[in-house]
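Based on what follows, work out the 3D shape:
(2 chains)
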Amino acid sequence: MQTPLLERNNLLSNLKELIVRTLRLEDVSPEDIVDAEPLFGEGLGLDSIDALELVVAIEREYQVEIPDAEVGRRAFASVNALGDFILEKSSAQKASDAVG
Amino acid sequence: MQKCGFCLDSNLNLNGAGQEKFGSMRFEGRVVLITGGIRGIGAAIGKRFLQEGAQVVVTYSQDHDQARKFHDELGSAKAEAHQADASDFDQMRALVDQIIERFGRLDILVNNAGIRRDNLVMFMSESEWHDVLQVNLQGTFVCCKLALKPMIAQRWGRMINIVSPSGIMGRQGQANYAAAKGGVASFTKSLAREVGKLGITVNAVSPGVIDTDMTRSLPEKILAELKQSIPLGYFGQPEDVSGTIVFLASEEASYITGQVISVDGGLT
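Have a look, this model is predicted:
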């Protein structure tokens, strides 16, 4: 059983790998991505077309929905924010499954 | 920062679709969704894709008898008709989900569903305006939006929207239809710019006067005038349009996007 901290750290590493793989970033390795840095604009410098691909990849990989641009902006603020978003959605889903 | 080219995701099961075959089975492994596909141009498009090996799913709005006729005529397990309103998000989402669940992919979308409610603007009712915009313009938006996620995941997709000379030149009595089709043409160009880098092309085809039920409902006088204005001197057949559609869906057209191709005997 993983501790929540370890679970979160693993998730962030997986997310960085997914970002590099999905966007086919040739000169960036997962370790280069800083947890707190913005993914778009400054920081990693991704653009809105990258966002479309990332939304599809994250939704498929983690079964969470990013229904609109506002949620996307929050979720993709940084790897930290993306990890928190997925953990929050997953725990809400687990709670809902437990009730249902 | 650099990214590599548009190689197809190797995890996807392409069944040979990634390397297009020339000849009759070039769409084998591809899945095609055609809205409004049981008669006229839509049925001809479905038939052509089926002949060339694709899995074909078409929608229809109400006519169950025609849907059965369509299915019997094609006589293939690889062609099926589903009742769905192309402009209804919930119905189309359910259909796209079903396509992905059953076939694992959605490669080609043809937005063909369309209606006309002709009237002079002075006499045009709000419902005549709204219904035409709803089916023709909203329907195209709904289906393109829903097809985007599977196509982005595949990094390959073809969207082909059916427009009309009315949307390019305008036509009296068709202000609603012209507005909708002109809107679809502009939507096509905009979406092409949004998704080009993701391996998805978006084009429109503008059939001129094609011999279909919808055209035959026009008054004789208008039909005669139309024929006179066509440089080639005759109305087209649905098959004239389906050839252009399959071309735009093929690998041969991979460098064409954001275009409106007229198949109209020179009308425009």
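
C-alpha from now on. contacts and neighbour counts both.
Noted.

which residues touch residue B:262?
By CA atoms under 8 Å, 6 or more residues apart in numbering or on different chains, the contact list for residue B:262 reads B:165, B:205-208, B:268.

can you check residue B:71 too?
Residue B:71 makes contacts with B:79-81, as judged by CA under 8 Å, 6+ apart.

Quick check: which element contains residue B:221?
If you go by DSSP states H and E, residue B:221 is part of helix B:220-228.

Enumerate the positions of that helix that are buried.
The neighbour-count check on helix B:220-228 (16 or more other CA atoms under 10 Å in any protein chain shown) flags B:223, B:226-227 as buried.

about what we covered before: with respect to residue B:159, which of the contacts of residue B:262 is nearest?
Nearest to residue B:159 among the contacts of residue B:262 is residue B:205, at 10.6 Å by CA to CA.

Let's verify that closest one: helix, strand, or coil?
strand (DSSP: H, G, I helix; E, B strand; the rest coil).

Then residue B:58?
Put simply, residue B:58 is strand when judged by three-state DSSP.

Does the longest helix seen in chain A pack against any helices or strands, and if so which?
Taking DSSP state H as the criterion, chain A has its longest helix at helix A:79-99. The elements that helix A:79-99 packs onto, with contact taken as 3 or more CA pairs under 8 Å, 6 or more residues apart in numbering or on different chains; DSSP states H and E, are helix A:4-22, helix A:69-75.

any residue of the last one up close to chain B?
Pointing back at helix A:69-75 there. No. Legend: contact between helix A:69-75 and chain B by CA under 8 Å from any CA of the partner chain is lacking; minimum distance shown is 14.0 Å.

Any stretches of the chain with poor pLDDT?
Here I'm looking at chain A. Of all residues in chain A, those with pLDDT under 70 make up the ranges A:1-2, A:98-100.

should've been chain B
When residues are selected by pLDDT under 70, those of chain B lie in B:1-23.

could you redo the last one with a cut-off of 50?
Applying pLDDT under 50 to chain B picks out residues B:1-22.

what does the helix ranked longest in chain B rub up against?
Longest helix of chain B, by residue count under DSSP H: helix B:175-195. Helix B:175-195 is contacted from outside by A:49, B:116-121, B:128-129, B:132-133, B:136-137, B:140, B:161, B:163-164, B:166-168, B:170-171, B:200-204, B:257-260, using CA under 8 Å, 6+ apart.

Show me which residues of that helix are buried.
Buried, per 16+ other CA under 10 Å, within helix B:175-195: B:175-189, B:191-192, B:194-195.

From the chain's centroid, how far away is that helix?
Centre-to-centre, helix B:175-195 and its host chain are 13 Å apart (CA atoms, centre = their mean, to the nearest Å).

How about stretch A:45-52?
Per CA atoms, centre = their mean, the centroid offset for stretch A:45-52 relative to its chain is 13 Å.

what does it rub up against?
Against stretch A:45-52 from outside (CA under 8 Å, 6+ apart): A:23, A:38-41, B:152, B:194-195, B:197-198.

Filter the residues you listed down to the ones in helices?
Counting by DSSP H, the contacts of stretch A:45-52 contribute B:152, B:194-195 to helices.

Chain A: which of those is nearest?
residue B:152 (6.3 Å; CA to the nearest CA).
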